[in-house]
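Q: Just the structure for this:
(2 chains, ligands or ions: 2)
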Amino acid sequence: MSLAAVLRRLATAAVTLFGVAVVVFVLLRVAPGDPIAMMIGPGASEADIAALRARYGLDQGLVTQFFIWLQGLIAGDLGTSISLRSDVLGLLGQRLPATLELAGAALVVALLVGGTIAILGTLARRSPGEAVVDGANGLLLAVPDFIWALAFVLVFAVFIPVFPLTGRMDPTIDMDFATRFFLLESLVRAEFAVFGNIVSHMTMPVLALALPLAAIVARVLKGALIEAMGQDYVLLARLKGKSELRLVLQEALRNALPATLALTGVQFTFLVGGTVIIERIFAYPGIGNMAIDAVINRDLPLIQGIVLAFGAMFIAINLAVDLAVAALNPRLRHG
Amino acid sequence: MSAPLLDISGLSAISTRENARVLRDVDLVVAEGEVHGLVGESGAGKSTIAKAVLDMLPRTIRVTGGRIVFRGRDLASLDRASLRALVAREIALIPQDPMTGLNPTRRIEAQLTDGMRLVAGMSRGEARERALALLEEVRIADPARTLAAYPHELSGGMRQRVLIAAAFALEPKLVVADEPTTALDVTVQKQILRLIRGMQERHGTGVIFVTHDLGVVAKICDRVTLLYQGKVVEAGTAREMIETPRHAYTRALLAASPRYDRPEHGCDPVPGSVVAGLEAEIARHDEGRAP
Ligand SMILES: Nc1ncnc2c1ncn2[C@@H]1O[C@H](COP(=O)(O)OP(=O)(O)OP(=O)(O)O)[C@@H](O)[C@H]1O
Ligand SMILES: [Mg+2]
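A: Ligands and ions are numbered 1, 2, ... in the order given. Now for the predicted structure:
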């Protein structure tokens, strides 16, 4: 993809995000529920309530509120969370890296697991092994992420407690992080004990998110691989004495990937959506978990900020997929 | 004369997909260094013979009898691994369609050299040198640039030259060319025919040349086997077949050559009486044989 095309995509993305902002803003204001009522005790006076309303701008008209919010947005200010009484941008900055690491790790695991299943299934095609692989994949495909999460909690945290049940790492860990990307930072700084601790905390939520996506990756990739394995260039390479594994990895995989990646991108956005419930189950401190509290508290500025963050993630995922697909295709790369 | 390069005798096969005979007692002998034309209309079983020699028959075609002896070895007596190794080393294929014969995602160098490295154990540098020499031999103008190119950057003729270079890369004893020019422009076709003949002569390679076209046979083949519905109708030297054809079917084809295979260029040129005669021969052949 050319630079101009990327820039065009980014411009479209900005318009899309703006649209998302408008819709969310209007929906939240129209929906019933009062954030102030949620934050004060039953004994508050009318005057107190009015003061709070004024403080968060809730006494203004809808249009005025929107423009105040938009002005802030352009200046990089997403407002103040009503329930947490703290800067929304700051909260996102604190929580978003945790979600990005969770979703990113789940994507990597899904591609590895799904890729392995697809390659095994391709190698075993038209043998009894294929039914085994397809059966296992069918199971992965049928079970949603939150069921995996509950099953993992039962098996690996309750019956055989091998993984910690909640959080991002043990609270006793005392490391001065420069960023909020704890997983990456501990790895880069070679703090392997900390890294291991984070990994063990992430194992269950990552697997719960990854397995359904892995099943989809496996199915699509296997179909594409088997199709590619029937192409003339594979037959010729087989005549030259290449083993079936080499044929799959060297000849078929590159040709099968673009279609698979395009679909994986769409499905990955569902995975990101799934972080909301999964983070909740494992008390993982990401924006998904925070989103649920924000909704319960009718914390309008925070909800808006989180929705925008999710929207930006979806757009970034789609752009990344398009770039990856283009990079894999020699025709597009040169054209 | 020494033992032939390839000696096929009594080869029979059925298609389980169509539940029909595909090859009927085919005998075919290819001498070392000879170009052997395999001619017949669509569905005659030309590709099936080619695939049987390369051990790449689809599962839906089953060999029911006969032997394929290559350089004195009965292919059926070899285990899978030795057969694969033998084919990789000594038999090569030039495919019909140069557009699908090359992997779109790999550079020409990788595709041309993997056989050399895998089978002949050459180093990367040796394989590259050999690839450059081969591309020069198939008269590609800029071998170094071609090695770095992806298939889509080459024309159809160029790709077929690359595939011919790849076929001759390991000095095989036998090259199977399955209609290697049908997908190309007429002018390019002539160049490619000349190129295959030249390569084959220089390297002393035997060639099975599959074609519809008796005109092509006259240009490049030493001997010819003509098939109809998987049965050999006539076999002999190219000169004999063209100058003194014995079978009525051969004569009908020669009269219609080179367009007999394209019904859209006129009505079926083989007279009904000839077809009836052929059908009767087929029926006589099949009589009393297990289906
Ligand atoms: N994959 C397959 N499975 C079963 N039968 C097949 C298969 N491919 C071809 N056949 C059958 O085998 C017979 C011979 O086909 P073959 O491809 O050898 O013909 P051909 O002479 O090469 O024809 P063409 O000039 O069209 O390439 C045909 O009747 C065809 O229907
Ligand atoms: Mg054919």
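
Q: in the stretch 51-200 of chain B, which spans are helices?
A: Assigned helices in the stretch 51-200 of chain B, in chain order: B:80-90, B:108-119, B:124-137, B:143-148, B:156-168, B:186-203 (criterion: DSSP state H, counting those that start in this stretch).

Q: and those helices, which is most packed in?
A: Mean neighbours per residue, mean count of other Cβ atoms under 10 Å in any protein chain shown, is largest over the helices of the stretch 51-200 of chain B for helix B:156-168, with a mean of 24. All C-beta spots, glycine's among them, are computed from the backbone N, C-alpha and C.

Q: Now do that helix against helix B:124-137, angle only.
A: With axes from the mean of the first three to the mean of the last three Cα atoms, to 10 degrees defining the directions, helix B:156-168 sits at 130 degrees from helix B:124-137.

Q: Off-centre distance for helix B:156-168?
A: Remark: helix B:156-168 is offset 15 Å from the chain centroid, using Cα atoms, centre = their mean, to the nearest Å.

Q: Do me a favour and average the pLDDT over that helix.
A: Average pLDDT, helix B:156-168: 96.

Q: now do stretch B:30-48
A: pLDDT averaged over stretch B:30-48 gives 95.

Q: just stretch A:262-281 next, same as before
A: Here stretch A:262-281 scores 93 as its mean pLDDT.

Q: now stretch A:191-203
A: Mean predicted confidence for stretch A:191-203 is 96.

Q: next one: stretch B:53-62
A: Mean predicted confidence for stretch B:53-62 is 95.

Q: quick one: it near ligand 1?
A: Yes: using Cβ under 6 Å from any ligand atom, we find that stretch B:53-62 touches ligand 1 at B:58, B:60-61.

Q: can you pull the buried residues of stretch B:203-211?
A: B:205-211 (16 or more other Cβ atoms under 10 Å in any protein chain shown).

Q: Can you name the residues in contact with that stretch?
A: B:5-6, B:30-39, B:46-47, B:49-50, B:53, B:168, B:171-182, B:196, B:199-200, B:216-217, B:220-221 (Cβ atoms under 8 Å, 6 or more residues apart in numbering or on different chains).

Q: Give the closest residue to whatever residue of the stretch 151-291 of chain B ends up closest to chain A in space, chain neighbours not counted.
A: Going by Cβ to the nearest Cβ, chain A is nearest to B:His152 of the stretch 151-291 of chain B, at 5.3 Å. Once flanking residues are discounted, B:His152 sits nearest to A:Arg331: 5.3 Å by Cβ to Cβ, 6 or more residues apart in numbering or on different chains.

Q: looking at this, the one you found is in a helix?
A: Yes: judged by DSSP: H, G, I helix; E, B strand; the rest coil, A:Arg331 forms part of a helix.

Q: ok, the nearest residue to B:Gly101 once chain neighbours are set aside - how many residues close by?
A: Nearest residue to B:Gly101, sequence neighbours excluded (Cβ to Cβ, 6+ apart): B:Pro95, at 4.2 Å. B:Pro95 is flanked by 23 other residues according to other Cβ atoms under 10 Å in any protein chain shown.

Q: Which among the contacts of stretch B:203-211 count as buried?
A: B:5-6, B:30-32, B:34-39, B:46-47, B:49-50, B:53, B:168, B:172-181, B:196, B:199-200, B:216-217, B:220-221.

Q: Write down the beta-bridge partners of the closest residue in space to B:Asp74 that isn't next to it in sequence, one by one.
A: Leaving aside its chain neighbours, B:Asp74 sits nearest to B:Arg67 (5.6 Å; criterion: Cβ to Cβ, 6+ apart). Under DSSP bridges, the beta-bridge partners of B:Arg67 are B:Ser9.

Q: just to revisit the earlier point, out of the contacts of stretch B:203-211, name the ones that lie in strands.
A: B:6, B:30, B:35-39, B:174-178 (DSSP state E).

Q: Sort out which one of the residues you listed lies nearest A:Arg298 for me.
A: B:Asp178 (72.1 Å; Cβ to Cβ).

Q: ok and the residue in chain A nearest ligand 1?
A: Residue nearest to ligand 1 within chain A: A:Gly230 (10.8 Å; Cβ to the nearest ligand atom).

Q: follow-up on the earlier one: which of the residues of stretch B:53-62 next to ligand 1 tops the neighbour count?
A: That'd be B:Ile61 among the residues of stretch B:53-62 next to ligand 1, by other Cβ under 10 Å, with 19 neighbours.

Q: is it in a bridge, and if so with what?
A: Here B:Ile61, judged by DSSP bridges, has bridge partners B:Ser15.

Q: Point out the residues in the stretch 201-335 of chain A that sit beside chain B.
A: Residues of the stretch 201-335 of chain A lying close to chain B (Cβ under 8 Å from any Cβ of the partner chain) are A:231-242, A:250-251, A:254-255, A:328-331, A:334.

Q: Which residue, other than its chain neighbours, is closest to B:Leu11?
A: Nearest residue to B:Leu11 in three dimensions, chain neighbours excluded: B:Gly66, at 3.5 Å (Cβ to Cβ, 6+ apart).

Q: so who does the one you found touch?
A: B:8-12, B:23, B:25-26.

Q: Also A:Pro144?
A: With Cβ under 8 Å, 6+ apart, A:Pro144 has these contacts: A:Pro212.

Q: how close does the closest residue to chain A within chain B get to B:Ser47?
A: Nearest residue of chain B to chain A (Cβ to the nearest Cβ) works out as B:Ala88 at 3.1 Å. Counting by Cβ to Cβ, to the nearest Å, the gap from B:Ala88 to B:Ser47 is 20 Å.

Q: returning to that earlier point: now that we're looking at the residue of chain B closest to chain A, what pLDDT does it have?
A: 95.

Q: same question, the one 3 residues further on
A: B:Ile91 is assigned a predicted lDDT (pLDDT) of 97.

Q: hey, what's it bridged with?
A: Under the criterion used (DSSP bridges), B:Ile91 bridges to B:Leu174.

Q: of all the helices of the stretch 51-200 of chain B, which lies closest to A:Arg168?
A: Of all the helices of the stretch 51-200 of chain B, helix B:108-119 sits nearest to A:Arg168, with 44.0 Å by Cβ to Cβ.

Q: Check which helices and strands that closest one sits against.
A: helix A:232-239, helix B:80-90, helix B:124-137, helix B:143-148, helix B:156-168 (3 or more Cβ pairs under 8 Å, 6 or more residues apart in numbering or on different chains; DSSP states H and E).

Q: Check the spacing between A:Met229 and A:Leu112 real quick.
A: 21 Å.

Q: what about these two, which has more around it?
A: Legend: neighbour count by other Cβ under 10 Å for A:Met229 and A:Leu112, higher for A:Met229 (20 against 13).

Q: The more buried one contacts A:Leu123, doesn't it?
A: No: between A:Met229 and A:Leu123 there is no contact, the gap being 9.7 Å when judged by Cβ atoms under 8 Å.

Q: Common neighbours of these two, please.
A: A:Val248.

Q: Give me the spatial nearest neighbour of B:Gly115, chain neighbours excluded.
A: Distance criterion Cβ to Cβ, 6+ apart; nearest residue to B:Gly115, sequence neighbours excluded, is A:Lys240 at 3.9 Å.

Q: Which pLDDT value goes with the one you found?
A: 92.

Q: I'd like to know how many residues surround the closest residue to ligand 1 within the stretch 101-250 of chain B.
A: The nearest approach of the stretch 101-250 of chain B to ligand 1 comes at B:His212, 6.0 Å away (Cβ to the nearest ligand atom). Neighbour count for B:His212, taken as other Cβ under 10 Å: 22.

Q: Great, nothing more from me.
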